[in-house]
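S.K.: got a predicted structure here, sequence first:
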Amino acid sequence: MTLVVLILLRTRAYPARRNLSWYLVSITVWTACNALAQPRFGESFALWITRISFFNAYFIGTSWLWFCAHFPQLSPRFRKLAIVLSLLGLPWLYLVWTPSITNEVRFTDRWLEAPVGPYIPWYGLWLFVCLLVGIWHLARKGKWVHGIARMQIRYILLGSYGLLAAGFIFDILVPIVTQSTRHIFYGPLIASVFVATTTTISITRNRLLDI
């Protein structure tokens with residue numbers, strides 16, 4: 001959150017920087033939701049927190065797409081793709097509140113169990129595509145930029161690889177295979193460490209976003 005406040009205060013007039021801020025906010029909320037799903041707050045509260053986590057994941061994907069479209073400079077063609085994928089993902093903003101994603105949560109042996117709904121694989125696929133095409137596009141940009149911009153992109157990509165791997169394994173693949181979200185906590189924990197560390201390094205060493 002410190003990174004978000006810093007970016008918004010110093011660079012609020014620039015689309016790429018605003019989108020990076022919302023990307024970091026979304027990851028922060030995602031991590032906080034998993035941390036708040038505790039037995040002492042009750043299963044009803046945990047169900048709402050779980051659904052908020054899925055709701056928030058939409059903004060992780062879309063803010064990442066829009067950041068990639070604008071950084072280090074605008075790519076009109078990719079912006080069109082970002083618009084299409086963002087629109088295709090809008091139904092998830094409603095479906096995450098229905099049994100199609102998850103219908104109940106229960107605490108067993110200090111773990112949060114949330115049986116997954118039938119649409120989880122499709123939601124995971126959409127989110128995976130958003131993150132993957134953004135990484136692909138940013139990697140392509142990194143081939144023709146030089147100097148500081150290339151180093152900035154490398155650090156951003158490194159953090160995104162960690163987010164993609166951790167999120168896909170613990171929040172999508174493992175729940176699909178086990179039909180439960182018992183291990184979902186590890187995804188946000190590992191992903192936020194990767195993203196926060198690489199973004200901070202890029203800001204302090206390579207003047208990411210000219211802060």
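M.R.: Cool, got the structure. In this text, all values refer to a predicted model and were calculated from it rather than measured experimentally. Residues are numbered from 1 along each chain as shown.

S.K.: quick one: what helix or strand has the nearest residue to Leu93 once chain neighbours are set aside in it?
M.R.: Residue nearest to Leu93 in three dimensions, not counting chain neighbours: Tyr58, with 5.8 Å by Cβ to Cβ, 6 or more residues apart in numbering. Where you see a C-beta, it was placed from the backbone N, CA and C, and this is true even at glycine. Assigned by DSSP states H and E, Tyr58 falls within helix 43-70.

S.K.: point out where the chain drops to low pLDDT.
M.R.: Applying pLDDT under 70 to the chain flags the ranges 1-13, 109-112, 167, 171-172, 175, 179-189, 191-192, 198, 202-211.

S.K.: list the buried residues of the helix holding Tyr58.
M.R.: 46-47, 49-70 (16 or more other Cβ atoms under 10 Å).

S.K.: any idea how far the residue most central in space within the chain is from Gly89?
M.R.: In the chain, the C-alpha nearest the mean C-alpha coordinate belongs to Ile60, at 3.4 Å (Cα atoms, centre = their mean). When Cβ to Cβ, to the nearest Å is the yardstick, Ile60 and Gly89 sit 11 Å from each other.

S.K.: quick check: neighbours shared by the two?
M.R.: Here Ile60 and Gly89 have Leu127 as joint contacts, going by Cβ atoms under 8 Å, 6 or more residues apart in numbering.

S.K.: which residue ranges form the strands in the chain?
M.R.: Shown for the chain, the strands assigned by DSSP state E span residues 106-108, 111-113.

S.K.: chain center to the first one: distance?
M.R.: Yep, that's strand 106-108 we're talking about. In terms of Cα atoms, centre = their mean, to the nearest Å, the centre of strand 106-108 is set 26 Å apart from its chain centre.

S.K.: any idea how many residues pack against Phe128?
M.R.: 16 (other Cβ atoms under 10 Å).

S.K.: surely it meets Phe168?
M.R.: Yes - counting by Cβ atoms under 8 Å, Phe128 does reach Phe168; the two are 5.9 Å apart.

S.K.: which ones are touching Leu36?
M.R.: Ile49.

S.K.: measure it to Val193 for me?
M.R.: For Leu36, the distance to Val193 - Cβ to Cβ - is 18 Å.

S.K.: ok, now Ser75?
M.R.: The value you get for Ser75 to Val193, if Cβ to Cβ is used, is 29 Å.
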